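Q: here is my input, please return the structure:
(2 chains)
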Amino acid sequence: MPAAVPNARLVVATGLVGLFALSLCIGVDDMSLDRIGTNAGALQLLLVSRLPRTVAVVLTGAGLAIAGLVLQILVRNRFVEPITTGTGQSAALGVLAVTLLFPTASIGAKTLAASATALAGTSIFLAIAHKLPPTQPFLIPLFGLVYGGVIGAAVTFIAWQTDLLQYVDVWTNGEFSGVLRGRYELLWILAAMVALAWWVADRLTIASMGREVSVGLGLDYQRIVQLGLVMVAVISSLAVVVVGMIPFVGLVVPNLVSRLMGDNLKSALPWVAVTGATLLLACDIIGRVIRYPYEIPVGTVLGVVGSGLFLWILFGRTQRA
Amino acid sequence: MIEIKNVSLRLGDTQILEDVSLTMPKGGLTALVGPNGAGKSSLLSLIARLQPLQSGSISVDGLAVDTTPSRRLAKTLAILRQDPAVASRLKVRELVGFGRFPHQRGRIDDNDLRLIEAALQQFGLTDLADRFLDHLSGGQRQRAMVAMAFCQGTDYMLLDEPLNNLDMMFARQLMRDLRAAADKDRRTVIVVLHDINHAAVYADRIVAMKDGRIVADGPPAEVLQPDVLAKVFGYEMDVIEVGGAPLVLHHR
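A: Below you'll find the model as predicted:
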């Protein structure tokens, strides 16, 4: 196992760099290095579409993985992520409300509203999850699915009544084909969230050991939970508003990194972010080439890849036990 | 000094503690004994501010536990709960290192590293230091948790049934380590024990609880009398003397 860790890091790091370059080159229009130098249109395409898209994927992947990690720490359960616990659906509810009430609201205002509802939705989930018996670890993910399903149904109902179903589709099915320069820059906030999570990495690690150990070590547990909730809500709602819901990244990546490197977040957290970015970028590229020149949404690709990885994690667990 | 004044605790319909007052001077090893549900763990978690105080007052070294900032208390008092159930995949050395968190808030210096290695050594964890907790046996994990509490380096240490899961050798070793912490490092150790004969040999003072009240309090030879034990535990048992310490034949 110890020898596998540096290898895994190398694979993930070089994978991210390689995929980043590859992502810039893939598309309907031919884009090779020699053309960028000679062709103004190619450079334009790179700066307006390919680069923003690739950066957006990397930021989203890193952000979603961190949101999943933080939520798993807050809930003390490894089988949850923001989309399976109502956070994503609450965010969608917020965007829907703003779209109905203030149709001309900016994307920033929508994100703010989505963050507020996501924060409320996640707080309610967390409060109820902490009341569930800890002896039944699978109750929490199950409850999360039901809870998220109820909020999602409310979103669908309201959208159906108000003829906004197409919009809801955009928020719930994540994909990056619409990302252009000028339409993704809010995602840089995700980078700030990742940095923030790293800054409090020790406190998150202690929080993962539970309230009593945290209090015993003098950590303000309540405050770290509040901070974590804000991080989860902001990351999830940014993703929903800008690119739409993307499943599995937040669920699978923290588990993978935990298995390989453990839960000491001072060292593991950057790798959660990098692995999330790599996984999402790989799936985005697969979605772009598999039916070239058409695209399959990245969420669909992740559905397949992510569930495969998740099964591998589950069975790996039982083998070791 | 730990001062507990008129502390009561009620959870739902159950009276857990009823008007408990207790003073424990600095230094020495105090054992809390009593049947299940006597309120020992609750008293410990109230002293360690893990539970909010409902009535009465508790202070440690003059710091009121309900109003003093948690960070400040963490430098004075360490608590090890029963079955902490740490599910995080941490290496033993990392876990023990988090005992230094109250002092360093994450920045480990040479002095901390020295203390961490000393704690690992003391609890026979040096060879296990780079293993993940989930690859250890229950007893090894328990030792790692105790080492973390030791590493916190506080004047007061509260341990809730630290002998859980330990084999005889490590149980004896831990009691000797706690004794040494009290004698050599002048630490104040309060420990909930189920094995009354460990209390008989290693404790300076035994506090016996039943139904949320303190029913006996004094040096081992005074508390470990057949009539007192019958009152606390609800059945008759013989007490003999071996090597100057009482030995309770509670299993016969």
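Q: what is the neighbour count of the spatially closest residue to B:Val146 that is not a sequence neighbour?
A: The spatial neighbour of B:Val146 that comes closest, neighbours along the chain excluded (CB to CB, 6 or more residues apart in numbering or on different chains), is B:Pro162 at 5.5 Å. For the C-beta atoms, the positions are set from N, CA and C on the backbone; glycine is no exception. Residue neighbour count, defined by other CB atoms under 10 Å in any protein chain shown, stands at 25 for B:Pro162.
Q: can you classify B:Phe98 as helix, strand or coil?
A: Remark: B:Phe98 carries the secondary structure label helix [criterion: DSSP: H, G, I helix; E, B strand; the rest coil].
Q: okay, buried residues for stretch B:76-87 please.
A: With burial defined by 16 or more other CB atoms under 10 Å in any protein chain shown, the residues of stretch B:76-87 counted as buried are B:76-82, B:84, B:86-87.
Q: now the residue nearest to B:Val146: phi and psi?
A: Phi and psi for B:Pro162, reported as degrees, to the nearest 10, are phi -70, psi -10.
Q: my guess is it meets B:Val189, correct?
A: No. Taking contact to mean CB atoms under 8 Å, the distance of 9.9 Å between B:Pro162 and B:Val189 leaves them out of contact.
Q: got any residues that touch both of those two?
A: Residues touching both B:Pro162 and B:Val189 (CB atoms under 8 Å, 6 or more residues apart in numbering or on different chains) are B:Leu178.
Q: would you map the helices across the stretch 151-252 of chain B?
A: Secondary structure of the stretch 151-252 of chain B, counting by DSSP state H, counting those that start in this stretch: helices at B:168-183, B:196-202, B:220-223, B:226-233.
Q: and the stretch 1-150 of chain B, by the same measure?
A: Listed in chain order, the helices of the stretch 1-150 of chain B (DSSP H, counting those that start in this stretch) span B:40-47, B:70-73, B:92-97, B:101-104, B:110-122, B:138-151.
Q: output the ones you listed in CSV, with distance to A:Tyr294 and mean pLDDT appended to each entry.
A: What follows is the helices of the stretch 1-150 of chain B, written out as CSV (distance: least, CB to CB, whole Å; pLDDT from 0 to 100):
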stretch, distance to A:Tyr294, mean pLDDT
helix B:40-47, 61, 95
helix B:70-73, 57, 94
helix B:92-97, 48, 96
helix B:101-104, 53, 89
helix B:110-122, 57, 93
helix B:138-151, 53, 92
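Q: closest to B:Arg213 out of these?
A: helix B:40-47 (10.7 Å; CB to CB).
Q: write out the residues of the stretch 51-200 of chain A neighbouring chain B.
A: Counting by CB under 8 Å from any CB of the partner chain, the stretch 51-200 of chain A comes close to chain B at A:Arg76.
Q: picking that back up, now the helices of the stretch 1-150 of chain B in TSV, with mean neighbour count?
A: Converted to TSV, these look like this (neighbours: other CB atoms under 10 Å in any protein chain shown):
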stretch	mean neighbour count
helix B:40-47	23
helix B:70-73	17
helix B:92-97	25
helix B:101-104	20
helix B:110-122	16
helix B:138-151	23
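Q: among those, which is nearest B:Leu249?
A: Of all the helices of the stretch 1-150 of chain B, helix B:40-47 sits nearest to B:Leu249, with 22.5 Å by CB to CB.
Q: and chain A, which of the buried residues of stretch B:76-87 reach it?
A: Within those, those near chain A by CB under 8 Å from any CB are B:78-81, B:84, B:86-87.
Q: tell me the pLDDT of residue 36.
A: In the absence of a named chain, chain A is used. pLDDT for A:Ile36: 68.
Q: the intended chain is chain B.
A: 92.
Q: how about A:Asn39?
A: Per-residue confidence at A:Asn39 stands at 75 (pLDDT).
Q: that one: how many residues sit nearby?
A: Neighbours around A:Asn39, by other CB under 10 Å: 15.
Q: try A:Leu196
A: 15.
Q: for it, helix, strand, or coil?
A: A:Leu196 falls in the helix class when you classify it by three-state DSSP.
Q: please name the nearest non-neighbouring residue to it.
A: With CB to CB, 6+ apart, the residue lying closest to A:Leu196 is A:Met231, at 6.6 Å.
Q: same deal with B:Asp112?
A: Excluding the flanking residues, the one nearest B:Asp112 by CB to CB, 6+ apart is B:Arg100, at 4.4 Å.
Q: circling back: pLDDT for the buried residues of stretch B:76-87 - can I get that in JSON lines?
A: Compiled in JSON lines, the buried residues of stretch B:76-87 are given as follows (pLDDT from 0 to 100):
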{"residue": "B:Thr76", "pLDDT": "96"}
{"residue": "B:Leu77", "pLDDT": "96"}
{"residue": "B:Ala78", "pLDDT": "96"}
{"residue": "B:Ile79", "pLDDT": "96"}
{"residue": "B:Leu80", "pLDDT": "94"}
{"residue": "B:Arg81", "pLDDT": "91"}
{"residue": "B:Gln82", "pLDDT": "86"}
{"residue": "B:Pro84", "pLDDT": "74"}
{"residue": "B:Val86", "pLDDT": "82"}
{"residue": "B:Ala87", "pLDDT": "83"}
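Q: ok, A:Asn77 touching A:His130?
A: No. Taking CB under 8 Å as the definition, A:Asn77 is not a contact partner of A:His130, at 10.5 Å.
Q: what strand or helix carries the residue nearest to A:Leu196?
A: If you go by DSSP states H and E, A:Met231 is part of helix A:221-242.
Q: pLDDT of the helix or strand containing A:Leu302, averaged?
A: A:Leu302 is part of helix A:298-320, with elements assigned from DSSP H and E. Confidence over helix A:298-320 (mean pLDDT, whole number) is 83.
Q: separation between the residue nearest to A:Leu196 and A:Thr117?
A: From A:Met231 across to A:Thr117, the span is 16 Å (CB to CB, to the nearest Å).
Q: try A:Pro52
A: Taking CB to CB as the measure, A:Pro52 and A:Thr117 are separated by 27 Å.
Q: of these two, give the one with the bigger neighbour count.
A: Legend: neighbour count by other CB under 10 Å for A:Pro52 and A:Thr117, higher for A:Thr117 (23 against 20).
Q: buried stuff in the helix or strand hosting the more buried one?
A: A:Thr117 is located in helix A:107-129, with elements delineated by DSSP H and E. Of the residues in helix A:107-129, those buried by neighbour count under the rule 16+ other CB under 10 Å are A:110-119, A:121-123, A:125-126, A:129.
Q: which residues are in contact with B:Met24?
A: Contacts for B:Met24 (CB under 8 Å, 6+ apart) come out as B:1-2, B:30, B:188, B:190, B:205.
Q: how about a cut-off of 6 Å?
A: The contact partners of B:Met24, taken as CB atoms under 6 Å, 6 or more residues apart in numbering or on different chains, are B:2, B:30.
Q: same thing with B:Leu43?
A: Under the criterion of CB under 6 Å, 6+ apart, B:Leu43 has no contact partners.
Q: gap between it and chain A?
A: Per CB to the nearest CB, to the nearest Å, B:Leu43 is found 15 Å from chain A.
Q: pick out the residue nearest the middle of the chain.
A: No chain was given, so I picked chain A. For chain A, the residue sitting closest to the mean C-alpha position, by CA atoms, centre = their mean, is A:Leu64 at 1.8 Å.
Q: let me rephrase: I mean chain B.
A: Ranked by distance to the mean C-alpha position of chain B (CA atoms, centre = their mean), the top residue is B:Leu159 at 1.7 Å.
Q: looking at the stretch 151-252 of chain B, what residue ends up closest to chain A?
A: Taking CB to the nearest CB as the measure, the point where the stretch 151-252 of chain B comes nearest chain A is B:Gln152, at 7.4 Å.
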